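Peer 1: model this:
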Amino acid sequence: MSPPPTRQLGKLSLGGNMPTTRSQAHRLANPGLPRNDREQGDDKERGGNSQELEHDSQSESDDSAEASDTDALGDDEDDEDDSDSQRALDPLASMVRGRSHIVYDIESLDDDSRARALAGLSGQFDMVYCRAAPSFYEFQLAERPQIRIRQGGAECTCSEYQNRPDMACRHIFWLVDQVYENLSPHAPQSGLPLSKDGFSPSLPRLHTLLHDQLDRVANAMEWRFVPGSPSPSESSSEMASMSRQDKVRDILSAFNEVTLPENFRKDLAETTTEPRTPEQCVVQGDFEATVFRLAVHDDNVFTSIRKAMPAGACAAIFFDKAQKQSRRLLQYFDEYRRSGRLPPERRSLEVKVVASELRLHVKQIRENIKMRIPYGSKGAVEALLALLQDISARNIDAFEQSLWGRVPPVGEDEDDRNLYEQLIGQANETGDMFVLDALEELPISVLGSYVRNLTDILRKTEINRAPPSFVLKLKSLIHEAQSSLAASRAKRPATGDAGGNQKRTR
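Peer 2: As a prediction, this is how the structure comes out:
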C-alpha cells in the first residue's frame, strides 16, 4: 500500500509564515518600525511583563534555530517548489498553505479527512489531460487515477477514495487547490475554510467556476486540454472509464501477443473495497495472479508496472490486437467458404455469425476509444479502416459455386450469404453505419492522415451501390478530414532557436 498521507506533510507550510507569538504578529503588522521600537510596542501591549517578553524572545530564538535546521536540510533537495523552505507541520495545525499559496482553514475536518487534505495540498501530481463533457469535467493524472467534477461534487477512481467515498481523497484536494488559484472570482480570504468534500463553502461550486473556463485553466497550468465535447451517445453513457482492476488487466494482457484485456485471466477478480496486505496478495504457485493482486492493492506496484507498460503503449497494443483479431476471423471465414472446414475452437462460421462478431469487434474498438483518450487514436483508425476496406470489397455470394456440398438453411437468400450486404448494404433498414459511427468519434485531425484510404473505400462502396445514407456519411467524413488536413498544412511552425525554452510540466 502507499505510505499514509501524513508522510507527505514535509512539503507543507504554515500559511504566510504565520506568527506563533504576539511579538511576531506585531512586527508583521508594523513592518516599518525599527526592531527596538517594535519590541517596546510589544512590551506595552503586554503591560510591560518582562518575563513574558523574555519567554517570547526565547521562543523566537528556538523558532529561528528550527528554521535554520530545516533550511539546511532543504538545501539537499532538487525540487524547485521547495525554494520557500517549507517546514514540516504538526498534523493538528488548523491553518495550512497549499501549493497555490492559498491559506486554508481545516479546523472543521476530522483526523482522516485532515490527513488527506494535508497530503493533497502539499502534493504534486502530473496531469495527462483534462476535458469537458456535458455533465462533468474530467482530469486524468499521470500514473494516477481519474477525477471527475460534477454539479454535485467530485469523485476519483483511486483506492483511497473508493475505500472512503464520503470524503475527498488527496487528488481531489490537490485539484481543487489548483483550480481555485486560477478561477476564484476574487483573491481568497486568508484562512479559506475547507469541507471534507474538498471544496470551500465560501466559494462557488467548482463545477460552476469551470463553466467554459477549463481551457483557460489548462493553459495557465500547462495541462493538456482535449477540446470538444463527447458525442450524444457518449454523453448519454457518460463515457466509460477503466477501474483500477481494468487498468491492471490491460497492462498484464499487453505482454500477451493475442489475448485482449477482457479475455485475460477471467478467473482473476479483485476489489479495492477489501484491502489486502502484500502478504495477503501472494497466490502460491501463480506469479501472474500475485502480481495482479499486488498491482490492484498497492499503489507503488501499480506505478512500477505502469512505467514498464505506459497507457499509450497499452492502447497501441490493444488496437493492433483488435485489427489482427478481425483479420484472423476473416481468414477463418475464407477457409470455411473454400473447404467447409472449421478451426477446432469454432462451432460456426456462417455469414450472419461472422457479421455479428465483426460488429462486436467494432463495438470493442469504439468503447476502447472512449476509455483510452487521448491515446491510441492512430491505432484505432487503422484497425477500423482495414476492416472497412476488407468488407467493402466482399459484395459477393460467399458460397456461390461451393464445392464441398454446403446445404443452405430453409429460406436463405443471396443477401443472407453476402457479408457486404449484412454489414453495409442494409444500413438504410438497420440505421447502423458499420465502422463509420466509430470513426466519427475520433479526432477529425487524425482522420486527415487517411483521406486516401477513405476515398478508396468510397469508390468501392459507390461501385457496389451502398445505401445513400452510408455514402453520404462517408463523404461527410472525407470532407471534414480534407478540411482538417488543409488547415494543418496551412500552418507554419514558429521559427526560433533550436532547443528553445521548454516549460516544465506541472
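Peer 1: N182 contacts A220, doesn't it?
Peer 2: Yes. Under the criterion of CB atoms under 8 Å, N182 makes contact with A220 at 5.0 Å. Where C-beta positions appear, they are placed from N, C-alpha and C, glycine not excepted.
Peer 1: Compare these two (neighbour count), which wins?
Peer 2: Neighbour count, other CB atoms under 10 Å: between N182 and A220, N182 has more, with 16 against 13.
Peer 1: Which pLDDT value goes with the more buried one?
Peer 2: Listed pLDDT for N182 reads 82.
Peer 1: Can you tell me the SS state at it?
Peer 2: Of the three states, N182 takes helix under DSSP: H, G, I helix; E, B strand; the rest coil.
Peer 1: go on, V381?
Peer 2: For V381, the assignment made with three-state DSSP gives helix.
Peer 1: how about it, what does it touch?
Peer 2: V381 sits next to 439, 442, 446-447, 449-450 when contact means CB atoms under 8 Å, 6 or more residues apart in numbering.
Peer 1: Those: which two are farthest apart?
Peer 2: Farthest pair in the contacts of V381 (CB to CB) is L439 and S449. Separation: 12.7 Å.
Peer 1: who has more neighbours, these two?
Peer 2: L439 (26 against 15).
Peer 1: So that one sits against Y450, correct?
Peer 2: No. Here L439 lies out of contact with Y450, judged by CB under 8 Å, at a distance of 9.1 Å.
Peer 1: Could you name every residue contacting both of those two?
Peer 2: Overlap of the contact sets of L439 and Y450 (by CB under 8 Å, 6+ apart) consists of 381, 385.
Peer 1: any idea of the pLDDT on K11?
Peer 2: Predicted confidence (pLDDT) at K11: the value is 45.
Peer 1: what's the burial count for E367?
Peer 2: 15.
Peer 1: Which of the three states applies to it?
Peer 2: Three-state assignment for E367 (three-state DSSP): helix.
Peer 1: Chain neighbours aside, what residue packs nearest to the spatially most central residue of the chain?
Peer 2: By CA atoms, centre = their mean, the chain has its centre lying nearest to Q140, at 2.7 Å. In space, Q140 comes closest to V128 once its chain neighbours are excluded; the distance is 4.3 Å by CB to CB, 6 or more residues apart in numbering.
Peer 1: Can I get the helix or strand harbouring that neighbour as CSV, trimmed to CA atoms?
Peer 2: If you go by DSSP states H and E, V128 is part of strand 127-132. The C-alpha coordinates for strand 127-132 follow below in CSV (Å, rounded to 0.1, in the frame of the first residue of the first chain):
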residue,chain,number,x,y,z
MET,A,127,-1.7,16.0,-15.4
VAL,A,128,-2.0,13.8,-18.6
TYR,A,129,-5.0,15.7,-19.9
CYS,A,130,-8.3,17.4,-19.0
ARG,A,131,-11.5,17.7,-20.9
ALA,A,132,-15.1,18.9,-20.6
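Peer 1: Which elements pack onto it?
Peer 2: Under the contact definition 3 or more CB pairs under 8 Å, 6 or more residues apart in numbering; DSSP states H and E, strand 127-132 sits against strand 136-141, helix 214-221, strand 225-226.
Peer 1: And the pLDDT at the residue nearest to the centre of the chain?
Peer 2: 86.
Peer 1: how close does it sit to G340?
Peer 2: 49 Å (CB to CB, to the nearest Å).
Peer 1: Now for H101, how many residues are close by?
Peer 2: A count of neighbours around H101, defined by other CB under 10 Å, yields 13.
Peer 1: Just the pLDDT for it.
Peer 2: 73.
Peer 1: List the contacts of it.
Peer 2: Shown in contact with H101 (CB under 8 Å, 6+ apart): E181.
Peer 1: tell me the phi and psi of it?
Peer 2: Phi and psi for H101, reported as degrees, to the nearest 10, are phi 80, psi 10.
Peer 1: for Q284, helix, strand, or coil?
Peer 2: Secondary structure for Q284, judged by three-state DSSP, is coil.
Peer 1: ok, the closest residue to L384 other than its chain neighbours - contacts?
Peer 2: Of all residues not flanking L384 in the chain, V435 sits nearest, at 5.1 Å (CB to CB, 6+ apart). V435 is in contact with 362, 384-385, 387-388, 391, counting by CB under 8 Å, 6+ apart.
Peer 1: coming back round to it: for the strand holding V128, the averaged confidence score.
Peer 2: pLDDT averaged over strand 127-132 gives 86.
Peer 1: Provide the strand pairings for that strand, with the direction of each partner.
Peer 2: strand 136-141 (antiparallel), strand 225-226 (parallel) (DSSP bridges).
Peer 1: and the following helix or strand past the longest one, which strands flank it?
Peer 2: Stepping forward along the backbone from strand 136-141, the first helix or strand reached (DSSP H and E) is strand 146-150. Based on DSSP bridges, the strands next to strand 146-150 in the sheet, each with its direction, are strand 136-141 (antiparallel), strand 153-156 (antiparallel).
Peer 1: Give me the buried positions along strand 146-150.
Peer 2: Residues 146-149 are the ones in strand 146-150 that count as buried (16 or more other CB atoms under 10 Å).
Peer 1: quick one: it to helix 214-221, angle?
Peer 2: Following axes from the mean of the first three to the mean of the last three CA atoms, to 10 degrees, one obtains 130 degrees for the angle between strand 146-150 and helix 214-221.
Peer 1: count of neighbours near the spatially closest residue to G153 that is not a sequence neighbour?
Peer 2: Spatially, and ignoring its direct neighbours in sequence, G153 is nearest to D197 (5.4 Å; CB to CB, 6+ apart). Neighbours of D197 under the rule other CB under 10 Å: 17.
Peer 1: Run through the residues that contact D197.
Peer 2: Going by CB under 8 Å, 6+ apart, D197 touches 153-154, 167-168, 172.
Peer 1: re the thing from before, show me the one of the helices and strands packed on strand 127-132 that comes nearest E345.
Peer 2: Comparing those by their distance to E345 (CB to CB), the top pick is strand 136-141, with 37.0 Å.
Peer 1: about what we covered before: for the residue nearest to the centre of the chain, give me its contacts.
Peer 2: Contact analysis of Q140 by CB under 8 Å, 6+ apart lists 127-130, 146.
Peer 1: before we move on, what about A438?
Peer 2: 362, 365-366, 369, 380, 384.
Peer 1: Go through these and name the one nearest I106.
Peer 2: I369 (40.7 Å).
Peer 1: Apart from its chain neighbours, what residue comes closest to that closest one?
Peer 2: Spatial nearest neighbour of I369, excluding adjacent residues (CB to CB, 6+ apart): A380 at 5.1 Å.
Peer 1: can you count the residues close to that neighbour?
Peer 2: A380: 26 surrounding residues under other CB under 10 Å.
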